[in-house]
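> what follows is a predicted structure for the sequence shown.
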Amino acid sequence: MKNENYGLVVIGAGPGGYTAALEAAKGGIRTAVVERNLTGGTCLNRGCIPTKVMLYGSELFQHLQKAGDYGAEAEAVKMDLERLAAKRREVQDTLRQGIESLFKKEKVELVRGEAEILDRVTVKAGERILKTERILIATGSEPSAIPVPGADLPGVVTSDGILDMSLNGIQKVLITGGGVIGTEFACALNNLGIQVVIVEARDRMLAGMDKEISQSIRQLFKKRGIEVHLSAAVREFRREDHGGVACLFEEKGQEETVSADLVLIAAGRRPCTRGIDTERLGIRTEKGRILVDENGETSVPGIYALGDVTGGVQLAHRASAQAKKMAAHFCKKTSPVVLESVPSCVYTDPEIASVGLTEAQAKEKGIQAVSAKYPMLANGKTVAENGERGFIRIVAEKGTGKFLGAQMMCGRATDMIALCAVAVSCGLTLRQMASAVYPHPTYSEGIGEAVELCMEKI
């Protein structure tokens, strides 16, 4: 075996891993990335990107069906699911090639194979031994299993599995989980004309977000014919004679059974440490996640970790932000990244996004806060584009007017939340936000309107 020396060896080429590698290489650190699967990690291959292609395609299908409202007549509109899958693969290939081109440009070596950490300065990858000053574990996450009889039956899949299969002939899907993954798939499948049933263990959907968002998305789903069961505990899956799957669950003390062609388990994701012998290496973990300090360093000096494998909020852009901050630390530079203002986004229709604190969270922290909500059905762009009900809420500190957070459910929410993320990370006030002129007609006008409403309360 040939020994090779590096300043940094990254395990995992997802958003956190490839960003850290590129930033470190730009800073003059000789870097290698070891990846056992496809470049781009979960986000590009089994998460963010393929689901967004699926959502966009399904929304186009819906727009075509409703185009008559605007005078555009379309006959015999149909959806070719195989062509949609082909487009998804095309997008993934393009983005994958882009990452690998950046690796070549910045002289980051991509090593294919399974990584094994031998000690704090040595990584084995296939037949190669990589000596390094630092090791970065960026192995991401994998779908969580649920301890229910029948969860391994044919016809019961995770988000990874459903993206790899053909949906031709599927008429009804039951989704266990009403979080981000479950709601996004519910929207896409519903748009494609597939009947959807959601079974959620908690008492509301999107439980980690603003309560009004949870209530609004449930009302919207009901309007679209998506059946939702809350505070419902799945007890068992059974294979049926006709080839479908029956889900047995308990809701409010009553036993219920729903049959479907396919069951999607969307119970969240868990840190993926397969292949990392944390116990032998002395890397401290808690409930499967790797523990790190403020610089991302584990309990073993020289071994770092970031992203989903460290637990917390599992977002691709959070992992990328951590990577930039960590690479700056490696290069002995100061990073401008503020990790306390990471936006959360849900790509339903309408979109959902939030950043910073809700009013309730602010008060829990002892901050006197006020909030104001602007209804988006009063927004010209929303009405012009036949938008659904939605809102933008702004939260600020009483007295000072400091911008504390925002919650949105409206068109382009996942794009507009970036403006509010800047406000939170830079400590802007409502007055500073109100100083900008918001173009008309745009969805962003709703931010300006909500800011002005909130100013009246401080």
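Looks like it came in fine.

> burial count for residue 136?
The local packing of residue 136 (other Cβ atoms under 10 Å) involves 30 other residues. Glycine gets a C-beta too; all of them are placed from N, C-alpha and C.

> give me the three-state assignment for residue 322.
Judged by DSSP: H, G, I helix; E, B strand; the rest coil, the three-state class of residue 322 is helix.

> quick one: it and residue 296 touch, right?
Yes: counting by Cβ atoms under 8 Å, residue 322 does reach residue 296; the two are 6.5 Å apart.

> higher neighbour count, these two?
residue 322 (27 against 24).

> what sits against that one?
Contacts for residue 322 were tallied using Cβ atoms under 8 Å, 6 or more residues apart in numbering; they are 16, 296, 306, 307, 339.

> and residue 171, by the same measure?
Residue 171 neighbours (Cβ under 8 Å, 6+ apart): 194, 195, 261.

> ok, the closest residue to residue 148 other than its chain neighbours - contacts?
With sequence-adjacent residues excluded and distances taken as Cβ to Cβ, 6 or more residues apart in numbering, residue 148 is closest to residue 234, at 5.3 Å. By Cβ under 8 Å, 6+ apart, the contact set of residue 234 is 146, 148, 176, 199, 201, 247, 248, 249.

> if we go to 6 Å?
With contacts defined as Cβ atoms under 6 Å, 6 or more residues apart in numbering, residue 234 is in contact with 148, 176, 199, 249.

> what score does it have for pLDDT?
On pLDDT, residue 234 comes in at 97.

> same deal with residue 274?
Reported pLDDT for residue 274: 87.

> ok, it to residue 35 distance?
14 Å (Cβ to Cβ, to the nearest Å).

> looking at these two now, which is surrounded by more residues?
Higher neighbour count among residue 274 and residue 35: residue 35, with 24 against 9, using other Cβ under 10 Å.

> one step back: would TSV of the contacts of residue 171 with neighbour count, pLDDT and distance to residue 99 be doable?
TSV is the format used below for the contacts of residue 171 (neighbours: other Cβ atoms under 10 Å; pLDDT from 0 to 100; distance: Cβ to Cβ, whole Å):
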residue	neighbour count	pLDDT	distance to residue 99
194	18	97	32
195	16	98	37
261	19	97	36
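
> for these, give me JSON lines that also has secondary structure.
Formatted as JSON lines, the contacts of residue 171 follow (three-state DSSP):
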{"residue": "194", "secondary structure": "coil"}
{"residue": "195", "secondary structure": "strand"}
{"residue": "261", "secondary structure": "coil"}
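
> give me the number of residues near residue 76?
Neighbours around residue 76, by other Cβ under 10 Å: 4.

> look up how far residue 426 lies from it.
Distance from residue 76 to residue 426, by Cβ to Cβ: 52 Å.
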